[in-house]
Structure formats: structure tokens, C-alpha cells
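**Student:** Sequence first, then the predicted structure:
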Amino acid sequence: MRFTFLIAFVLIVLSQIIFPQEITIPQNPLNGRLVFEEKGCIECHSIGGFGGTAGPSLTKDLYFGSVLELASIIWNHTPQMNRKFRQMRINRPQLTENEMLDLFGFLYYLRYLGEPGSVANGKKLLEIKGCVQCHSIGAKGGSIGPAFESIQQYASPLYILQAMWNHGPKMQEELKKSGVKYPTLTGQDVADISIYIRQATMGNSEIRMIPGDPGKGKEVFYDKGCDNCHLTEGKAKRILAPNLRKLELKKSVTETASSMWNHGPMMLKEMKKESIDWPQFKDHEMADLIAYLYFLGFEDKPGDSYRGERTFKEKECNNCHKTGGQGKGPDLTKIKKFDSPIKMVQLMWNHASQMEDLLILQNKHWPKLGTGDMCDLYAYLKNLTQK
């Protein structure tokens, strides 16, 4: 049930993903999951315990890099993947550019969902973090804050974190009065505490909170004045906090939210100095904000065309890809609309089997490519095809 619930979250959110710069929005957000199944990826890779075991589990060994980082991982494992295809008598699937984009968006988003919580650990954490000094649960604990039993049966830990955030300044005052240390939390702590509270709640309704819409999250970022201190693009109004794009927040939703919470005291102090109001979130706003921050890491850093040309020659790509159609591979200068990294990845994937066959005939090794190599190659090929 948990797996089905999380995948439902993914499919909802992918419908609104705003991919940065050259990455375009998938036409059908459901295709990421559909591509994964229809193209046979699930025959070798599992998600949440469902799928094959020939390849790594994509929820156990979570991927959370950029587009071309994932592309380099797939490229470097192409020979092993091709052997598996032959052993299992499966034809290597061909992908369109849109299918590749949907699939990459889906795989990238898996990391955002985070890990399941532990009821036992959640119970211990409420004691360790001092939560029960202000909140009661099971008729035990303090009465300064609301009893946990009265909380509705929330299906997302993010809703609890949003409520905590909104009451942050008041909570900090009460903690100072009572001499209780401000509780710092990890993303896993949040998952554990929320699932324990959910088990203990007496609420008769269940409020589900979607992970978030990155496009709306960008609006929230500016509406709530986050740009007063933080920078994601352009210029910040004040240089009081880190550039969030440089931090590369490739973390789960609970990890990112817990980081916000942990910096609460420092943020409140600086905001008071600058006479900035503490931002309040309602409905899905915190979820949207965190989704926006998460997808800042999907975009690759710009590559260098000159380094890309050198890589193209050092990896001997020019032995097969020659201008004028004189090589065994296609003339890359003839490719039209080479305006997205996804286009390069899609072409490399679809022709990987033929490439490997030619290299085997020539008694040559499969060329390894790092993320930087991929970025540089894209810069070179994009420049090459625009001449």
C-alpha cells in the first residue's frame, strides 16, 4: 500500500514539473512510470520491492543526480546491460526524446519521496527531543502545545512540519522559558515521528498532502520573501543566507524540510534584525516550495565546447562520426534540433548496441564518460550542429 501511495504522489507531481532551461516539460506526466514498465525497465530494476533483480533496486540505491549524471551512469553500464538483455533474450528498448525525458524525470523524483518511518523510533524520539514536555500523547506529557492525539490522521510528515514551522517563533519562546533545548531533526527523524503520531492519532479523517508542484513552489519562494535572504537565480535583496542553487539540495522532502526547521532559530534572529515577518504556509505551500528547491538540482552545469571537442577526439568518437557521412556512424552535424541534453542521451541510448558491436569488431574498449564529459560533449555537439 505504501508503494502504491508513493507512486501516486509521483504521478500527480510530475504533471506540473517545470524543468529548467533547455529541459522541456513532458507532454504526459504519466509516461515516466508508464515508460518504466512498458519499455521493460521493471524486468531488471525494482521500485519499492516490485520488479526484477537483475539490475540494482532504484529505491534501495537511490539516484539523485542531474540529467547528465544519470546519463553517464547508464552509459558506463551499457556493456553490462547489453549482456543482460542477451541473457534474458530481451531486445534493447528504443526511446523517443519525450519518453526519455519522462523516464528521467520519474527516476529523479524517486529520491524526493524519502524513506519510510519507524513507529518504535518515533516514540523514542518524542522523549529524546523533549516533545512530550509540551505535547501529550497517550494521556502523558505536557499541555503547553496541542495533544498529538487531537491531530488529524495526516498521511504526510510534511503537514506536521508545516504546522511546526508556522508555530516556530512561539515554540522558540516557550522552549526558552522552559529551558528545553531547541530540537534539531534529521529527515529520518521526521518520518519516524510522523508515522508514530499517525498511529496514535484519534482523528477520524485522513488529510493527504501531495509532495508539491515545483512551478507553484517558485511562486511561493518569492511570495513568502525567501528571496530577501536566499538566492536561486538573479540577485538576492540581501546577502544573509546561502545561494540555494549552489547548495544542490538533492534531498528528500523530509530532509529538506528538517534542514529548514534546524535553521529556524538562526533565521528568526536574522529576520528580526531586518524587520522581516516570519513566513506562514497554508494548504500545499511548503510542499510546493520544497519541490521547487529539489528540482534546482535537475539541471546540469554548463559544459565547455572546447573540452567537449577534445573529449570527442580522445574517446575516438570521430573514428565513426565523420562529416560528410564518411564514417560508420551518422554525421552528427546533420542532426536537427539538437537543443536539449535529453536529445543527446536519447540518441546515445538508441544506438548503444550498434556502437558496442563496432567496438568489439575493432577490439576496442567501451569508452567511459563522467558527468563533466557528458556536459562538455553536449556543449560541443550543440555548437557543432548549429554551425
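**Tutor:** Yes, it's here.

**Student:** just the strands in the stretch 51-200 of the chain please.
**Tutor:** For the stretch 51-200 of the chain, the strands defined by DSSP state E, counting those that start in this stretch occupy 136-137, 140-141, 153-154.

**Student:** ok, now the stretch 251-387 of the chain?
**Tutor:** Going by DSSP E, counting those that start in this stretch, the stretch 251-387 of the chain shows no strands.

**Student:** residue furthest from the geometric center of this protein?
**Tutor:** Q326 (42.0 Å; Cα atoms, centre = their mean).

**Student:** and the strands of the stretch 51-200 of the chain, which one's lowest on average pLDDT?
**Tutor:** Ranked by mean pLDDT, the strands of the stretch 51-200 of the chain bottom out at strand 153-154, with a mean of 58.

**Student:** how close does P146 get to M171?
**Tutor:** 12 Å (Cβ to Cβ, to the nearest Å). For the C-beta atoms, the positions are set from N, CA and C on the backbone; glycine is no exception.

**Student:** typo on my end, it should be T311
**Tutor:** 53 Å.

**Student:** between the two, which one's more packed in?
**Tutor:** T311 (22 against 19; other Cβ atoms under 10 Å).

**Student:** related to what we said a few turns ago, okay, the residue farthest from the centre of the chain: pLDDT?
**Tutor:** As predicted, Q326 sits at a pLDDT of 76.

**Student:** just the one 10 residues further on next, same as before
**Tutor:** For K336, the model assigns a pLDDT of 74.

**Student:** check contacts around the closest residue to it other than its chain neighbours.
**Tutor:** Leaving aside its sequence neighbours, K336 sits nearest to T385 (Cβ to Cβ, 6 or more residues apart in numbering; 7.7 Å). The contact partners of T385, by Cβ atoms under 8 Å, 6 or more residues apart in numbering, come to 332-336, 338.

**Student:** now these: which count as buried?
**Tutor:** Buried members of the contacts of T385, counted by 16 or more other Cβ atoms under 10 Å: 332-333, 338.

**Student:** In terms of distance to H263, which of the residues you listed ranks first?
**Tutor:** Nearest to H263 among these: F338, at 42.0 Å, using Cβ to Cβ.

**Student:** shouldn't the closest one be in contact with M344?
**Tutor:** Yes: F338 is within contact range of M344, at 7.2 Å (criterion: Cβ atoms under 8 Å).

**Student:** So which bits of stretch 43-59 are buried?
**Tutor:** Along stretch 43-59, these residues count as buried under the neighbour rule (16+ other Cβ under 10 Å): 43-48, 51, 54-55, 57-59.

**Student:** pLDDT and distance to K282 added to those, as JSON lines?
**Tutor:** JSON lines is the format used below for the buried residues of stretch 43-59 (pLDDT from 0 to 100; distance: Cβ to Cβ, whole Å):
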{"residue": "E43", "pLDDT": "90", "distance to K282": "44"}
{"residue": "C44", "pLDDT": "90", "distance to K282": "43"}
{"residue": "H45", "pLDDT": "88", "distance to K282": "38"}
{"residue": "S46", "pLDDT": "87", "distance to K282": "37"}
{"residue": "I47", "pLDDT": "81", "distance to K282": "32"}
{"residue": "G48", "pLDDT": "72", "distance to K282": "31"}
{"residue": "G51", "pLDDT": "88", "distance to K282": "38"}
{"residue": "A54", "pLDDT": "87", "distance to K282": "46"}
{"residue": "G55", "pLDDT": "85", "distance to K282": "42"}
{"residue": "S57", "pLDDT": "84", "distance to K282": "37"}
{"residue": "L58", "pLDDT": "81", "distance to K282": "34"}
{"residue": "T59", "pLDDT": "74", "distance to K282": "31"}
